[in-house]
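Visitor: Show me how the following folds:
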Amino acid sequence: MATIDLDINDDNPYYWWEAGALFGTMVDYWLLTGDTSYVASTLQALSHQAGPNGDYLPSNQSLTEGNDDQGFWALAALSAAENVFPNPPDDQPQWLAMAQSVFNQYVSRWQTKACGGGLVWQIFSWNKGNDYKNSVANGCFFDLAARLHRYTGNSSYGDWAKKIVLWEESAGLISNSSQVFDGVSFDLTTFACGKVDKTQWSYNSALFMHGSATMYNITGDDFWKTRLDGFYKDVTTTFVFDGVPYEQWCETRNFCDLDQVSFKGFLLRWLAGTAQMAPYKADDILKIQQTTAKAAISTCIGPASTGANNYFGIDGTACGFSWLKQGQYDGKVGVGAMMNALDAVMYLLTPKAKVARTAKSGGTSKGNPGANAGDTNTETPHSDIEAKTRPTPAGRFGAGVLTVLLLVCAIGGPVFSIL
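Guide: Numbers count the residues shown, from 1 in each chain. Sure, this is the predicted structure:
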């Protein structure tokens with residue numbers, strides 16, 4: 001059993017968005033393994049961090065939260081609805097309603113003054129990046145829209161999915177060869193659209209791949225198949241080497257930061273989802289999953305640590321970040337690396353799992369399509385801000401969840417029977 005401590009401190013500055021991503025992983029872990037050990041803590045975290053309005057805008061994150069951060073929590077809530085994860089108590093916001101609330105806020109924040117559309121990276125005007133429209137924020141919006149269309153059957157969500165991807169293409173953030181670039185800046189005074197940052201990250205391409213697969217699953221439209229095939233080709237040629245995912249921009253040059261270390265785990269999540277939504281891709285994806293699981297597990301040979309990385313598992317089970325050199329541990333244990341390794345192993349179980357449910361195919365989560373409609377939540381009275389201090393790293397994960405056990409070893413048996 002591999003344990004990673006999430007009692008975040010100043011030497012281990014993980015951000016709030018990654019907690020949302022992690023609890024999304026734990027929702028999938030429950031579905032794929034049937035292990036209920038972490039249901040209570042996962043439900044508590046996803047409910048508590050939704051805030052009083054059920055929109056994943058808790059007040060203690062207003063000095064750091066961007067549209068992408070909010071999106072990772074919303075996608076986790078939507079996964080809970082799709083997976084029929086146990087619902088919150090009736091007097092609390094429900095999974096589907098939370099996802100719809102964030103979607104409605106995204107619609108309200110769609111900004112056409114600069115670059116003809118798109119979400120700005122930041123929600124609040126005082127945060128750095130409010131002059132930048134990035135693909136991860138708009139990718140979260142896109143995937144959320146596509147999946148809400150599928151879950152609810154409401155085509156207005158699908159209309160937004162198409163609008164988002166067409167805007168990304170027109171803004172130069174998606175190339176003719178389906179590359180997904182990081183973002184585009186604009187002038188806050190003139191709103192003139194600036195230069196595209198052509199850095200490519202695995203999770204951006206994977207978000208648009210999965211959203212396109214979901215839309216193709218619903219519509220059967222060639223518009224979406226063409227984009228799915230393009231994004232899939234880009235994902236598997238740019239971010240997969242010899243069958244193993246890697247973060248091509250920074251991994252081989254050894255300068256991925258704490259956020260970037262986690263990105264390829266989300267690639268694995270959305271590859272698994274793509275296999276469900278577009279079964280004609282499933283065999284090819286399974287080959288990648290099999291190769292990846294072997295490579296990832298081969299790096300889980302590192303020592304326990306009481307230093308900055310806070311790995312308190314069994315000695316000899318810490319997992320490294322890079323899997324390109326099998327059997328070698330690179331010393332970069334942490335939340336991202338351990339979550340990636342868990343993803344590499346557990347998503348091998350996807351072929352035996354139930355396909356994401358909808359309201360008509362077993363989904364039980366209650367929705368609220370009008371939740372927070374028209375509420376941009378982009379400003380807070382200065383008196384409120386002055387009364388707050390910047391959240392300390394120790395408070396970023398919150399929800400009273402200090403440790404999460406990532407059972408890379410425990411699920412090895414059922415997984416490796418598939419290899």
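Visitor: Break down this protein into its strands, ranges please.
Guide: Assigned by DSSP state E, the strands in the chain fall at 2-5, 132-134, 183-186, 193-197, 240-241, 244-245, 403-406.
Visitor: just how off-centre is the third one within its chain?
Guide: This points to strand 183-186. In terms of CA atoms, centre = their mean, to the nearest Å, the centre of strand 183-186 is found 21 Å from the chain centre.
Visitor: what helices or strands is that strand leaning on?
Guide: Applying 3 or more CB pairs under 8 Å, 6 or more residues apart in numbering; DSSP states H and E, one finds that strand 183-186 contacts strand 132-134, strand 193-197. All C-beta atoms are positioned from the backbone trio N, CA, C, and that covers glycine.
Visitor: Now it - C-alpha only, CSV.
Guide: What follows is strand 183-186, C-alpha atoms only, in CSV (Å, rounded to 0.1, in the frame of the first residue of the first chain):
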residue,chain,number,x,y,z
GLY,A,183,-3.2,30.3,-24.7
VAL,A,184,-3.3,33.7,-26.2
SER,A,185,-2.7,37.1,-24.5
PHE,A,186,-4.6,40.3,-25.1
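Visitor: Give the pairing partners of that strand; include direction for each.
Guide: In the sheet, strand 183-186 lines up against strand 132-134 (antiparallel), strand 193-197 (antiparallel) (DSSP bridges).
Visitor: Which residue is the nearest non-sequential neighbour of Gly273?
Guide: Distance criterion CB to CB, 6 or more residues apart in numbering; nearest residue to Gly273, sequence neighbours excluded, is His210 at 4.9 Å.
Visitor: re the thing from before, among the strands paired with strand 183-186, show me which one is buried the most.
Guide: Highest mean neighbour count among the strands paired with strand 183-186 (mean count of other CB atoms under 10 Å): strand 132-134, with a mean of 24.
Visitor: For that strand, report the contacting residues that lie outside it.
Guide: The contact list for strand 132-134, computed with CB atoms under 8 Å, 6 or more residues apart in numbering, reads 68, 111, 114-115, 118-122, 171, 173, 182-186.
Visitor: Just send the helices and strands packed on strand 183-186 back as JSON lines, with distance to Ala296 and mean pLDDT too.
Guide: As requested, those are exported to JSON lines (distance: least, CB to CB, whole Å; pLDDT from 0 to 100):
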{"stretch": "strand 132-134", "distance to Ala296": "28", "mean pLDDT": "99"}
{"stretch": "strand 193-197", "distance to Ala296": "29", "mean pLDDT": "98"}
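Visitor: Tyr38 is nearest to which of the ones you listed?
Guide: strand 132-134 (31.2 Å; CB to CB).
Visitor: Would you pull up how far that closest one lies from the middle of the chain?
Guide: Worked out by CA atoms, centre = their mean, strand 132-134 lies 17 Å from the chain centre.
Visitor: same deal with stretch 97-111?
Guide: Between the centre of stretch 97-111 and the centre of its chain there are 17 Å (CA atoms, centre = their mean).
Visitor: Mean confidence (pLDDT) on that stretch, please.
Guide: Stretch 97-111 shows a mean pLDDT of 98.
Visitor: Contacts only, for Leu32.
Guide: 346-347, 349-350, 353, 411.
Visitor: Is there a neighbour count for the nearest residue to Gln276 once chain neighbours are set aside? I'd like the number.
Guide: Nearest residue to Gln276, sequence neighbours excluded (CB to CB, 6+ apart): Val355, at 4.9 Å. Val355: 15 surrounding residues under other CB atoms under 10 Å.
Visitor: do the same with the one 10 residues further on
Guide: Applying other CB under 10 Å, we find 23 other residues in the vicinity of Ser365.
Visitor: Might you report the residue contacts of it?
Guide: The neighbours of Ser365, taking CB under 8 Å, 6+ apart as the test, are 80-81, 84, 87, 94-97.
Visitor: Quick check: of the residues you listed, which lies closest to Lys366?
Guide: Nearest to Lys366 out of these is Gln94 (CB to CB; 4.5 Å).
Visitor: per-residue confidence for that closest one?
Guide: For Gln94, the pLDDT comes out at 98.
Visitor: mind listing what it touches?
Guide: So Gln94 contacts 81, 87-88, 365-368 (CB under 8 Å, 6+ apart).
Visitor: quick revisit: so what's the residue nearest to Gly273 up against?
Guide: When contacts are counted by CB under 8 Å, 6+ apart, His210 touches 143, 146, 270, 273-274, 277.
Visitor: mind running it again at 7 Å?
Guide: With contact set as CB atoms under 7 Å, 6 or more residues apart in numbering, His210 has these partners: 143, 270, 273-274.
Visitor: Over to Gln328?
Guide: Counting by CB under 7 Å, 6+ apart, Gln328 touches Thr299.
Visitor: for it, phi and psi?
Guide: In terms of degrees, to the nearest 10, the main-chain angles of Gln328 are phi -120, psi 130.
Visitor: what's the answer for Ser37, then?
Guide: The phi and psi values for Ser37, taken as degrees, to the nearest 10, are phi -60, psi -30.
Visitor: any idea how far Asn83 is from it?
Guide: As judged by CB to CB, to the nearest Å, Ser37 and Asn83 stand 16 Å apart.
Visitor: so how many other residues sit close to Ala40?
Guide: With other CB under 10 Å as criterion, Ala40 counts 11.
Visitor: what pLDDT does it get?
Guide: For Ala40, the model assigns a pLDDT of 95.
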